[in-house]
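Chemist: Sharing a model prediction with you, sequence too.
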Amino acid sequence: MLMNHSIEFTNLDIAAVWLTTGRLARQGDFMTTAFNSVLHAERLGDNASKIEYSKLLWKEGHHRKAIQNLRGAIDSNAFQTEDIVPVNISVTTAGRGDDQTYKVKCHAQLLLAKWLDRAGQTQSVSLKEEYVIGVQTYPRWDKGHYYLGRWYLKLLESEKRLPISKQSSEYLSGSLIKLVIENFVRSTVYGTKYYYQTLPKILTLWLDMGMEVMNNTSRTARDKEFNDHRLQYLEYINKYLKRYTSERMPAFAWYTAFPQIITRISHPNKNVWDALQTIIIRVGASYPQQALWSLLAVLHSTQDDRRVRGTAVLQKLRVSHAPTHIMLFC
């Protein structure tokens, strides 16, 4: 006997469809359709539509109004309901209802911070707080840490272009580099979306800092003081990266930047090399059939220091991680 199975859709289910329609229409520049779809979603009780409506205002050039609308929604706790509909945000796993609420609120806060940054309406300290609030709202999301790290990177690059006499103590001491690396590393733990933006920059900032500390010839007491601070921050970064490599970061994260890592295998700073070697061994042990070819190429280098480093890494892999394929390579 055939049985009729009816599927019931709630208002929020229908609102989710309207919201998706609105987002796709906005991306396709069908603005009338986009506005109508978002209004339908709002009438059905979906507070997340306030984010999409703000995006429409921003796209139409009404930047101040978009910021005011989004700020008003955040200040009125419009995203506190547990039945909120997911918006277009990238997350590694689907969370529970409460998690989804925090993600939407975090998404709104980060969007507000980004717009304030672009509009230049907020001073540096206040703008940092806007990003920090977003991260604290839902700390298990890669986007928040990436946005905060990118903001610190923007400060770092702007400071770099200034004359030395006008550069801040945060830049000269290496504090900004530490903050960029910390946030970019945390973003790699919670998602994969920003790997190709974060990992190359982590390596460049860290390894260049190691070179600068070694090559620094301090002439004044002020220069020596800042170089001592940079050395302390460098040691902190070395330990930080070793800890995250061993405990939290997946090996495939570093594998995406493995060619860049291998090119710096002859780094002269011993403490930096110790941390870098930890990364290479982790990747080599996890993906020997892919990573060992790059290490074998180092053995044929014309530079003695590269050959010595490559041989040392392969020897440690053979001793501590000795599956058959590593034994054959060695």
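Modeler: Yes, it's here. Numbers count the residues shown, from 1 in each chain.
Chemist: Quick check, pLDDT for residue 235.
Modeler: What the model reports for residue 235 is a pLDDT of 96.
Chemist: element containing it, please.
Modeler: If you go by DSSP states H and E, residue 235 is part of helix 221-247.
Chemist: Show the secondary-structure elements that that helix is packed against.
Modeler: helix 169-173, helix 175-190, helix 195-215, helix 270-286 (3 or more CB pairs under 8 Å, 6 or more residues apart in numbering; DSSP states H and E). Yep, even glycine has a C-beta here, placed from its N, CA and C like the rest.
Chemist: Give the buried residues for that helix.
Modeler: The neighbour-count check on helix 221-247 (16 or more other CB atoms under 10 Å) flags 226-227, 229-231, 233-234, 237-238, 240-242, 244-245 as buried.
Chemist: go on, stretch 156-168?
Modeler: residue 156.
Chemist: hang on, the earlier thing: next, the angle helix 175-190 makes with the helix holding residue 235.
Modeler: 10 degrees (axes from the mean of the first three to the mean of the last three CA atoms, to 10 degrees).
Chemist: hang on, the earlier thing: which one of the helices and strands packed on helix 221-247 is the most hemmed in?
Modeler: Greatest average neighbour count among these goes to helix 175-190 (a mean of 22), per mean count of other CB atoms under 10 Å.
Chemist: Run the chain-centre distance for it.
Modeler: In terms of CA atoms, centre = their mean, to the nearest Å, the centre of helix 175-190 is set 7 Å apart from its chain centre.
Chemist: Strands along the chain, start to end?
Modeler: Ranges of strands in the chain, per DSSP state E: none exist.
Chemist: where does it dip in pLDDT?
Modeler: 1-9, 12, 80-98, 121-122, 217-218, 321-330 (pLDDT under 70).
Chemist: switch to 50 and redo it
Modeler: Within the chain, the segments meeting pLDDT under 50 span 1-2, 5-7, 81-97, 324, 327-328.
Chemist: which residues does the residue positioned nearest the centre of it contact?
Modeler: Centroid check for the chain by CA atoms, centre = their mean gives residue 146 as the closest residue, at 2.9 Å. By CB atoms under 8 Å, 6 or more residues apart in numbering, the residues touching residue 146 are 183, 184, 187, 193, 194, 197, 198.
Chemist: Show me the two of the residues you listed that sit farthest apart.
Modeler: Greatest spatial distance in those: 183 and 193, 14.5 Å, computed using CB to CB.
Chemist: How far away from the center of its chain is the helix holding residue 235?
Modeler: From the chain centre to the centre of helix 221-247 is a distance of 20 Å (CA atoms, centre = their mean).
Chemist: got the angle for it vs helix 195-215?
Modeler: Interaxial angle, helix 221-247 versus helix 195-215 (the same axes, to 10 degrees): 140 degrees.
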